[in-house]
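>>> pasting the sequence and the predicted model now:
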Amino acid sequence: MRFVVMGAGGIGGFFGAALAQKGEDIWFVGRGKHFEAMQRSGLRVTSTVSDFTVPPSQIVQDPARIGHADVVLFCVKSYDTEPAARQLSPLLNQHSLVISLQNGVDNVEKISAILPQCSTYGGVAYVSSRITEPGHVTESGGFQRIVFGRMLGEASSTAGAVHERLTQAGIKTQLSANIRKELWQKLIFIASMGSLTALTRLTHGEIVGNPETRALMFDAMREVQSVALGLGIDVDQVDEIRVLEGLKRFSDDTRSSMYYDLAAGRPMEVEALNGTVVRMGKRAGVPTPIHRMIYAALLPYHRKHTASESTRS
């Protein structure tokens with residue numbers, strides 16, 4: 001079974017390295033300075049589990065060099081979904097499986113529209129990892145878990161085989177019969193806590209440690225919960241004690257990828273997160289004043305950084 005990791009960043013780099021460490025036939029697709037560094041020295045992964053280096057021979061910039069792909073772990077930023085999917089088309093057929101491990105709740109629809117010849121599953125990655133320098137991914141704690149499943153209908157035998165391979169690689173994996181709920185459960189957290197670390201420049205510990213900011217975080221979570229329920233998605237009620245217990249898995253100095261993108265002058269996933277909450281809220285007739293504020297505050301930075309990247313390329 002040949003795996004392809006599309007987007008060798010924090011999520012794809014970490015989970016892909018776990019598969020590579022077990023000897024799976026796996027290829028990584030990268031770009032920019034990160035790819036250039038990986039071509040020189042391989043992909044270095046430092047984690048709370050173990051450290052590992054993927055050799056340059058398994059890393060490409062052009063997916064067409066790989067040949068056929070049985071499974072794609074689709075891990076690019078949400079705003080790169082369509083162009084990345086188009087790059088994969090020559091690798092896939094009716095037996096191929098694409099698993100979107102991206103942030104957001106509507107990536108599967110976008111991928112499926114471009115890659116109708118294969119099956120695309122939704123997925124949720126729970127891990128705190130990021131590119132700390134070109135060629136180097138660092139994982140700093142968290143759940144280290146993948147949940148994936150078919151948006152409609154039963155999972156295929158291929159999906160069952162992928163679940164087995166991921167589990168054998170030491171990755172906690174669940175094949176879900178209700179992946180839409182899982183996607184929204186994650187959105188509740190990352191669209192709230194994740195965007196607040198960017199907006200306030202505070203760490204998880206600082207947000208939780210300040211009563212007013214902590215209350216804002218929980219109110220933001222309940223907004224997303226209300227939108228999901230308004231759309232008929234049976235998400236769980238926000239449980240403050242459970243959320244705080246879950247945050248203990250992360251170090252207090254944890255910040256979101258959105259914060260690091262903002263600080264580095266890169267585009268952010270504000271459209272896929274807060275923008276989605278606002279748009280879906282309008283559709284469901286649910287007010288979203290907190291996420292409207294976050295979206296309005298961060299969107300100009302995203303647009304400015306997107307324009308800067310276009311100019312550089």
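The structure has been received and is ready for your questions.
>>> biggest helix in the chain, by residue count?
In the chain, ranked by residue count with DSSP state H as the criterion, the top helix is helix 289-312.
>>> tell me what that helix is packed against?
helix 195-200, helix 211-230, helix 257-263, helix 276-284 (3 or more Cβ pairs under 8 Å, 6 or more residues apart in numbering; DSSP states H and E). For every residue, glycine as well, the C-beta is placed using N, CA and C.
>>> single out the most deeply packed of these.
Per-stretch averages of neighbours, counted by mean count of other Cβ atoms under 10 Å, single out helix 195-200 among the helices and strands packed on helix 289-312, with a mean of 22.
>>> roughly how far apart are residue 106 and residue 119?
For residue 106, the distance to residue 119 (Cβ to Cβ, to the nearest Å) stands at 17 Å.
>>> which among the helices and strands packed on helix 289-312 is found nearest to residue 130?
Closest approach to residue 130 among the helices and strands packed on helix 289-312 (Cβ to Cβ): helix 257-263, 5.9 Å.
>>> for the helices and strands packed on helix 289-312, could you give me a markdown table that also reports mean pLDDT and distance to residue 297?
Listed next are these as a markdown table, based on pLDDT from 0 to 100; distance: least, Cβ to Cβ, whole Å:
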| stretch | mean pLDDT | distance to residue 297 |
| --- | --- | --- |
| helix 195-200 | 97 | 6 |
| helix 211-230 | 98 | 13 |
| helix 257-263 | 96 | 11 |
| helix 276-284 | 98 | 12 |
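>>> tell me which of those sits nearest to residue 70.
Of these, the one closest to residue 70 (Cβ to Cβ) turns out to be helix 257-263, at 28.0 Å.
>>> need the residues that contact that closest one.
Helix 257-263 is contacted from outside by 10, 130, 194-195, 197-198, 201, 267-270, 273, 298, 301, 305, using Cβ atoms under 8 Å, 6 or more residues apart in numbering.
>>> again, only using 7 Å
Contact with helix 257-263 is made by 10, 130, 194-195, 197-198, 267-269, 301, as judged by Cβ atoms under 7 Å, 6 or more residues apart in numbering.
>>> max-length strand in this structure?
Assignment by DSSP state E gives strand 119-126 as the longest strand of the chain.
>>> partner strands of the next helix-or-strand element following that strand and their direction?
Next in sequence after strand 119-126, counting helices and strands by DSSP states H and E, comes strand 129-133. Here strand 129-133 is paired, per DSSP bridges, with strand 136-139 (antiparallel).
>>> quick one: the strand it pairs with to chain centroid distance?
Computed by Cα atoms, centre = their mean, to the nearest Å, the chain-centroid distance of strand 136-139 equals 15 Å.
>>> residues in contact with the residue positioned nearest the centre of the chain?
Closest residue to the average C-alpha location of the chain: residue 102 at 3.2 Å, with Cα atoms, centre = their mean. Residue 102 makes contacts with 74-76, 78, 81, as judged by Cβ under 7 Å, 6+ apart.
>>> how close does it get to residue 223?
For residue 102 relative to residue 223 (Cβ to Cβ), the value is 22 Å.
>>> ok, residue 106 next?
Applying Cβ to Cβ to residue 106 and residue 223 gives a distance of 18 Å.
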